[in-house]
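Engineer: What would the 3D arrangement of this be:
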Amino acid sequence: MLEARFLLSISSSWCAFRPIFQAQPTHSRLDFAVPMDALTLLNHRNSEPKLTKPGPDREALQKIVAAALRAPDHGRLRPWRFLSIEGKARYRLGDLFVEALKQRKPEASEEEIKKTAEAPLRAPLIIVVIAKQIENAKVPAIEQLLSAGCAAHGILLAAQALDFGAIWRTGDNSYDPYVNTALGLSENETLVGYIYIGTPIGVPKPLPMLPVEEFIKAWG
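Structural biologist: Next up, the predicted model:
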């Protein structure tokens, strides 16, 4: 599919760019990716609802998160954090979703419960994007929430650039207080969404190229 013009890497305190011409022996999927510039990547981003193994390895995950850390961030507040959920943890997340469903809807059918339990199994990796509201006189909460949204978009783009598929999911389990508490969110945090990442199955539904002139007008 796609490869980014730059690969992203992070350490405990900083992130830096490295050219794509550097060998990538630990992630063989990159060897078959088609080079694509940033604008082409942006204009061809698409959600991939059908995903399977393999998901990103440790190195690829670091690059994906590094892309999220480049989100616009007024005041350098770093108003976001992330949880990675994979392997058996996905089953535990499914159990949590079921517990929340039963609280919201005691009359839930067996079919609903089964579907809810299996929801986190639709991808080998889930990244939970969490917005942190930090008290700051110059940076209102809405800006911090938007920054977290940009971080989530960075994850989607980086995943696609590394030849994976991804989709941003929300729904009741993004806004359920019981789920949020179990995931460790504080009172000043908001769950932005669950980013499902894996290897795409089939071809995604093509998105139409929207007419730009319908969305921008000159002012003044």
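Engineer: what residue ranges in this protein score low on pLDDT?
Structural biologist: The chain contains residues with pLDDT under 70 at 1-35.
Engineer: quick one, helices of it?
Structural biologist: Per DSSP state H, the chain carries helices over the ranges 38-43, 58-68, 89-104, 110-118, 141-161, 172-175, 177-182.
Engineer: State the distance from the residue nearest in space to the middle of the chain to residue 56.
Structural biologist: Note on the chain: the residue nearest the mean C-alpha position is residue 195, at 3.4 Å, using CA atoms, centre = their mean. Going from residue 195 to residue 56 by CB to CB, to the nearest Å gives 11 Å. Placement of C-beta: from N, CA and C, glycine included.
Engineer: what residues do those two have in common as contacts?
Structural biologist: Counting by CB atoms under 8 Å, 6 or more residues apart in numbering, the contacts common to residue 195 and residue 56 are residue 159.
Engineer: How about the residue nearest to the centre of the chain: which residues does it bridge to?
Structural biologist: For residue 195, the beta-bridge partners are residue 127, residue 168 (DSSP bridges).
Engineer: Repeat that for the one 4 residues further on.
Structural biologist: Counting by DSSP bridges, residue 199 is bridged to residue 52.
Engineer: I figured it hits residue 60, correct?
Structural biologist: No: counting by CB atoms under 8 Å, residue 199 stays clear of residue 60, with 11.6 Å between them.
Engineer: Compare the two (neighbour count), which wins?
Structural biologist: Of the pair residue 199 and residue 60, residue 60 is the one with more neighbours under other CB atoms under 10 Å, namely 24 against 18.
Engineer: Tell me if I'm right that that one and residue 162 touch.
Structural biologist: Yes: counting by CB under 8 Å, residue 60 touches residue 162, with 5.4 Å between them.
Engineer: ok so, going back, who touches the residue nearest to the centre of the chain in this structure?
Structural biologist: Shown in contact with residue 195 (CB under 8 Å, 6+ apart): 126-129, 152, 155-156, 159, 166-169.
Engineer: who wins for neighbours among those residues?
Structural biologist: Going by other CB under 10 Å, residue 159 tops these with 29 neighbours.
Engineer: I figured that residue was touching residue 200, is that so?
Structural biologist: No: applying CB under 8 Å as the test, residue 159 and residue 200 come out as separate, 10.2 Å apart.
Engineer: Find the residues that touch each one of these two.
Structural biologist: Contact criterion CB under 8 Å, 6+ apart; residues shared by residue 159 and residue 200: residue 165.
Engineer: ok so, going back, joint contacts of residue 199 and residue 60?
Structural biologist: With CB under 8 Å, 6+ apart as the test, residue 199 and residue 60 both reach residue 164.
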